[in-house]
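1. pasting the sequence and the predicted coordinates here, then a few questions.
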Amino acid sequence: MTECDTAVIGAGPYGLSVAAHLQGRGADFRAFGRPLDTWRTAMPQGMYLKSDGFASNLSAPEPGATLAEFCLERDLPYHPTDLPVPLETFVAYGLDFQRRYVPDLEQQDVASVARDGRGIRLGLADGEEFRSKQVVVAAGITHFASVPRIFDGISPDLVSHSSAHHDLSRFRGQEVTVVGAGASAVNLAVWLARAGAHSRLVARAGSVHFSSPPAGRRRTVVDTLRRPASGLGPGWRSRASCDAPDLFRLVPARWRTEIVRRHLGPSSAWHLKEAFESSVEVITGRSIQRVDVAGDGTRMVLASPQGDPPLTVESDHVICATGYQPDVQRLGFLDPDLRAGLRTVARAPVLSHRFESSVPGLYFLGLSAAATFGPLMRFMHGDEFAARRITQDLVRCAA
């Protein structure tokens, strides 16, 4: 059985960034996954990223790897804050990054990860097995898609999660209801309308919020002091999340997941507001009381907290843009005994300051690390901090 020092599972922003740093250090590693698979298959065609251009970079060990430099070289529109980043531009940037910095990426799935007396044993989809001293799990968010339990038992032909949709043309001429009030929900609702569907959004919140458009001028000193800029948006809490993720580990565990959940609540990009308000039927301030199958579609009964009469909505399809919840039990490639040995908080792994779990040699990045390092890990802007921190430890431990 062959061996290596480190195996990286996942080829999104976190996985590619770690692999790029390992490549730059001349480390003995193997990396697996399809580059930017979530962005290429689980987001609507034509959408724009919620993050600003300056906060949409992958991390490389040398200069010249930013989105700004990629756009400059190809004469593509770019601004660090005032222009939204098209999904296709970001995907092209990510694929170019992979070719330049992780050329030996193995584009296949890891089927199994189990503890072994001499390290950690991995099995690949093609049947190969090998051992690694260390494994970095940078699994994509699609592993953690969250659908309200009220939809349990209803066919995925009628109810699905937002991550199941990239090409929305199949819904042309249909009545489609999107459940949710965040950026994903608004993006889906807008692009469904553009694809020719009757697009409807249902939200428990009383309204749908949008970020403020760029001011078109330099920020004043007072503005900067009141709401300092950060990779997660303006505000002191976001700035602290970016600048001091280690401090989040000092917060009592029972509070951390709620802080992560509440930070930067449902909000959409400013540039979607006009299209949303002009093309989407919006029902806010209503919760789903009951869901039934009705003919070839669904019938939802929506309740009002004010005691108004229930509202009935029929749809050909319902898409739940209801976010993602980290849960190590949903990482099916991890051996059950290994999963049982992981210490968790709210189903997310408890990690050291080096991103190592309670299973020696097993590390977690991205959304799985948010319960330890805070809201920064929910966004690609966290890949710089994570990649540099974890690479230093991986190289040291492998020496």
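-> Looks like it arrived, so ask away.
2. residue 95 sits in which helix or strand?
-> Secondary structure assigned from DSSP states H and E places residue 95 in helix 87-101.
3. packing partners for that helix?
-> If you count contacts as 3 or more C-beta pairs under 8 Å, 6 or more residues apart in numbering; DSSP states H and E, helix 87-101 packs onto helix 13-24, helix 37-41, helix 67-73. C-beta here means a position set from N, CA and C on the backbone, and glycine is covered the same way.
4. Throw these into CSV and include mean pLDDT and distance to residue 227, thanks.
-> Putting the helices and strands packed on helix 87-101 into CSV (pLDDT from 0 to 100; distance: least, C-beta to C-beta, whole Å) gives the following:
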stretch, mean pLDDT, distance to residue 227
helix 13-24, 97, 26
helix 37-41, 92, 29
helix 67-73, 97, 23
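5. pick the most buried one from the ones you listed.
-> Stretch with highest mean neighbour count among the helices and strands packed on helix 87-101: helix 13-24 (a mean of 27; mean count of other C-beta atoms under 10 Å).
6. now that helix, how far from the chain's geometric center?
-> 17 Å (C-alpha atoms, centre = their mean, to the nearest Å).
7. CA atoms only: put that helix into CSV for me.
-> Taking C-alpha atoms only, helix 13-24 is exported to CSV below (Å, rounded to 0.1, in the frame of the first residue of the first chain):
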residue,chain,number,x,y,z
PRO,A,13,-11.5,27.5,-2.3
TYR,A,14,-10.3,25.9,1.0
GLY,A,15,-9.0,22.7,-0.5
LEU,A,16,-7.3,24.3,-3.4
SER,A,17,-5.7,27.0,-1.2
VAL,A,18,-4.2,24.4,1.2
ALA,A,19,-3.0,22.3,-1.7
ALA,A,20,-1.4,25.3,-3.3
HIS,A,21,0.5,26.1,-0.1
LEU,A,22,1.6,22.5,0.2
GLN,A,23,2.8,22.5,-3.4
GLY,A,24,4.7,25.7,-2.7
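8. give me the contact list for that helix.
-> 6, 8-9, 11, 29, 31, 33, 35-36, 58-62, 65, 94, 97-98, 101-102, 104-105, 136, 138, 365-366, 380, 382-384, 386-388, 390-391, 394-395 (C-beta atoms under 8 Å, 6 or more residues apart in numbering).
9. report the next helix or strand after that helix in sequence order.
-> That would be, after helix 13-24 and using DSSP H and E, strand 29-32.
10. list the contacts of the nearest residue to residue 20 once chain neighbours are set aside.
-> With sequence-adjacent residues excluded and distances taken as C-beta to C-beta, 6 or more residues apart in numbering, residue 20 is closest to residue 101, at 3.7 Å. By C-beta under 8 Å, 6+ apart, residue 101 lies in contact with 16, 19-20, 23-24, 60, 65.
11. go again using 10 Å as the cut-off
-> Counting by C-beta atoms under 10 Å, 6 or more residues apart in numbering, residue 101 makes contact with 16-17, 19-24, 58-62, 65.
12. picking up where we left off before, among the contacts of helix 13-24, which lie within strands?
-> Taking DSSP state E, the ones among those that sit in strands are 6, 8-9, 29, 31, 136.
13. closest to residue 163 out of those residues?
-> residue 9 (18.4 Å; C-beta to C-beta).
14. and of the ones in strands among the contacts of helix 13-24, the nearest to residue 205?
-> residue 9 (35.4 Å).
15. show the pLDDT at the closest one.
-> On pLDDT, residue 9 comes in at 98.
16. that one reaches residue 125, doesn't it?
-> No - contact status for residue 9 versus residue 125: not in contact, 12.0 Å apart, counting by C-beta atoms under 10 Å.
17. any shared contact partners between these two?
-> The contact lists of residue 9 and residue 125 share 32, 109-110, 333, where a contact means C-beta under 10 Å, 6+ apart.
18. which residues of the protein fall in helices?
-> 13-24, 37-41, 67-73, 87-101, 183-194, 221-226, 236-243, 245-248, 253-262, 273-279, 336-340, 370-373, 383-398 (DSSP state H).
19. the fourth one to helix 183-194, inter-axis angle?
-> Spelled out, that is helix 87-101. Put simply, helix 87-101 runs at 120 degrees to helix 183-194, going by axes from the mean of the first three to the mean of the last three C-alpha atoms, to 10 degrees.
20. show me which positions of helix 87-101 end up buried.
-> Using 16 or more other C-beta atoms under 10 Å as the test for burial, helix 87-101 gives 87, 89-90, 92-94, 96-98, 101.
21. same check, this time on the longest one
-> For helix 383-398, burial by neighbour count (16+ other C-beta under 10 Å) applies to 383-387, 389-391, 393-395, 398.
22. now do the contacts for residue 84.
-> 47-53, 77, 269-272.
23. against residue 160, how distant is the residue lying closest to residue 7 once chain neighbours are set aside?
-> Among residues not flanking residue 7 along the chain, residue 132 sits closest, at 4.1 Å (C-beta to C-beta, 6+ apart). In this view, residue 132 and residue 160 are 35 Å apart by C-beta to C-beta, to the nearest Å.
24. of the two, which one has the most company?
-> Neighbour totals were compared for residue 132 and residue 160, and residue 132 leads with 24 against 18 (other C-beta atoms under 10 Å).
25. what's near enough to touch that one?
-> 2-8, 28-30, 113, 116, 119-122, 361, 398.
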